[in-house]
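Quick check, what structure comes out for this input:
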Amino acid sequence: MTCAVPASPVRFWERRAMGLLAAAAALTLAVVLWGAPGWALAQEAPSQPMALSLAEAVDLALAYDLEHAIARLQWENARIDSRIAQASGPVSAYDRLVQERQERRAENDYRSARRALVINVFRDYLDLKQAQRQVEIARRELEIARQQLAIVREMVRIGERQAQEELREENRVAGLELSLETAERNMESRRRALLQRLGLPEETRLELVDEPEPVPWTWDLAQTLAYAEDNAFAAWERRANLRIAAMDLEALRVQDPAPLQLEKAENEYRIAQMSAEQAARSFQNSVQTAYYTLSDAARRLETAKVDYELAVGAHDVARRRYDAGLTTDLDWAQAELDLLNAQQSHYDAVYTYVLARLELLSLIGHPLDLGEDPAQ
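Predicted coordinates for the structure are as follows:
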């Protein structure tokens, strides 16, 4: 899957998302224009599902979400404040650094809100795909269990099985019926969550057409930490706060303050140094945790890939045996169910890896592989 976007992305995202929103709103507009008879006719004809890729889902979410839009305006205001201050006359190094910190905080708030939105869209999209697969698995399990129950009932009738075995099978079918109902409710809940995230009407039917590709992580831990230290806002702000504290102390010293006042200021600077060190350790631990989470997800993905390949091989053998008349319809149905379960496990490992990678990218201040943040 390729999620790149063209240059000048801000307006592109807006134009593309507005087009998608217009298409999604067409049914609602038709209700207003047609009136009741037209709406009744629309109800009779099943609506076509809306094919939705991950990139299009991100487009819609960016067009609909207000939090990141507010953060962007606040960042623009911070940049305006900096320009006003610079136009008012000479600015000291201290004031320039304070203004830069304020502006970069606002920029980070915007980027953080945008990246969090993108990750949440990915999560909602992939959760719905897995929920849809789980419904299919639950439905197949119930169909097989009902066939097995029919067989057991017939064998009980002819005296080959005991009545307790029929009761056991009936109880298993009832449990699988409940599992199917739970899976369907979960799928509907996931569907509504995604629609709400994208600002689409609740009656919209979606066809999720994308499968993300697990891009390998090629950096080791040292390289990841080095990148985070150079690019993450948290690391920059920690250094800026320490420089500001040092400048405050130096400004006080040149004023020849009272001894107790100077001692207090020096203590405050030492507190700032220790706070910076504490923040550095905490940030490093966060990066390490995210890195090892991704590494674990990569190992699980490799295992799931092997398991899936083995399941495909077993399914091919089962197909040949079934085609040759060596197995029953029930055996073939079970083989197909086994393959579906293997697919579900494989996709679960893929999605876990993809989301872990996005979380790490966001933490270290790296682009999310979506044409980079349209922030310039």
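
what's the burial count for residue 284?
By other Cβ atoms under 10 Å, 14 other residues sit near residue 284. Where you see a C-beta, it was placed from the backbone N, CA and C, and this is true even at glycine.

Just give me the neighbour total for the residue nearest to it when sequence neighbours are not counted.
Computed as Cβ to Cβ, 6 or more residues apart in numbering, the closest residue to residue 284 that is not its neighbour in sequence is residue 225, at 6.4 Å. A total of 18 residues lie near residue 225 under the criterion other Cβ under 10 Å.

which SSE is residue 225 in?
helix 221-231 (DSSP states H and E).

send the alpha carbons of that helix over as PDB?
Provided in PDB are the C-alpha atoms of helix 221-231 (Å, rounded to 0.1, in the frame of the first residue of the first chain):
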ATOM      1  CA  LEU A 221      18.200   1.200  19.300                       C
ATOM      2  CA  ALA A 222      21.100   3.500  19.400                       C
ATOM      3  CA  GLN A 223      20.200   5.000  16.000                       C
ATOM      4  CA  THR A 224      16.600   5.400  17.100                       C
ATOM      5  CA  LEU A 225      17.500   7.200  20.300                       C
ATOM      6  CA  ALA A 226      19.900   9.500  18.400                       C
ATOM      7  CA  TYR A 227      17.200  10.400  15.900                       C
ATOM      8  CA  ALA A 228      14.800  11.100  18.700                       C
ATOM      9  CA  GLU A 229      17.300  13.300  20.500                       C
ATOM     10  CA  ASP A 230      17.800  15.300  17.300                       C
ATOM     11  CA  ASN A 231      14.200  15.600  16.100                       C
END
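
packing partners for it?
When contacts are defined as 3 or more Cβ pairs under 8 Å, 6 or more residues apart in numbering; DSSP states H and E, helix 221-231 packs onto helix 259-323, helix 329-364.

got the angle for that helix vs helix 329-364?
Helix 221-231 and helix 329-364 are oriented at 50 degrees to each other (axes from the mean of the first three to the mean of the last three Cα atoms, to 10 degrees).

Please pull up the helix or strand immediately following helix 221-231.
helix 233-253.

Flag every buried residue along the helix holding residue 225.
By neighbour count with 16 or more other Cβ atoms under 10 Å, helix 221-231 contains the buried residues 224, 225, 228, 229.

in the protein, what spans have low per-residue confidence?
In the prediction, the chain carries residues with pLDDT under 70 at positions 1-46, 369-376.

and stretch 314-332, how far out from the chain's middle?
Chain-centre distance of stretch 314-332: 39 Å, with Cα atoms, centre = their mean, to the nearest Å.

and what of stretch 236-254?
39 Å.

Please identify the buried residues of it?
236, 237, 238, 240, 241, 242, 245, 249, 252.

How about the contacts made by the closest residue to the fourth one other than its chain neighbours?
Nearest non-adjacent residue to residue 240, counting by Cβ to Cβ, 6+ apart: residue 101, 5.1 Å away. Residue 101 is in contact with 237, 240, 241, 244, counting by Cβ atoms under 8 Å, 6 or more residues apart in numbering.

Can you name the residues that contact the first one?
Going back to what we said before, that points to residue 237. By Cβ under 8 Å, 6+ apart, the residues touching residue 237 are 101, 104, 105, 108.

Give the buried subset of those residues as a PyMOL selection command.
Buried residues among the contacts of residue 237 (16+ other Cβ under 10 Å), as a PyMOL selection:
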select buried, resi 101+104+105+108
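
and stretch 170-184, which residues are buried?
Within stretch 170-184, the residues scored as buried using 16+ other Cβ under 10 Å are 172, 173, 176, 179, 180, 183.

Name the secondary structure element that contains the first one.
Assessed by DSSP H and E, residue 172 sits inside helix 163-198.

Then residue 119?
helix 93-157.

now that helix against helix 329-364, angle please.
If you take the same axes, to 10 degrees, helix 93-157 sits at 170 degrees to helix 329-364.

Next, work out how far apart the residue lying closest to residue 275 once chain neighbours are set aside and residue 268 are.
Leaving aside its sequence neighbours, residue 275 sits nearest to residue 241 (Cβ to Cβ, 6+ apart; 7.9 Å). Distance of residue 241 to residue 268, given as Cβ to Cβ, to the nearest Å: 12 Å.

swap in residue 139?
Distance, residue 139 to residue 268, using Cβ to Cβ: 66 Å.

Over to residue 110?
31 Å.

Neighbour count for the two, which is higher?
Ranked by neighbour count (other Cβ under 10 Å), residue 110 and residue 268 place residue 110 first, with 23 against 14.

how about the nearest residue to that one once chain neighbours are set aside, what does it touch?
Spatial nearest neighbour of residue 110, excluding adjacent residues (Cβ to Cβ, 6+ apart): residue 71 at 4.0 Å. Counting by Cβ under 8 Å, 6+ apart, residue 71 touches 106, 109, 110, 112, 113, 114.

ok, now residue 184?
Here residue 184 is in contact with 135, 138 (Cβ under 8 Å, 6+ apart).

In this structure the residue nearest to residue 275 contacts residue 278, no?
No. Between residue 241 and residue 278 there is no contact under Cβ atoms under 8 Å: 12.0 Å.

surely residue 191 meets residue 208?
No. Residue 191 is not in contact with residue 208 according to Cβ under 8 Å; the separation is 9.9 Å.

Pull up the overlap in contacts between the two.
Taking Cβ under 8 Å, 6+ apart as the contact rule, residue 191 and residue 208 both touch residue 128.
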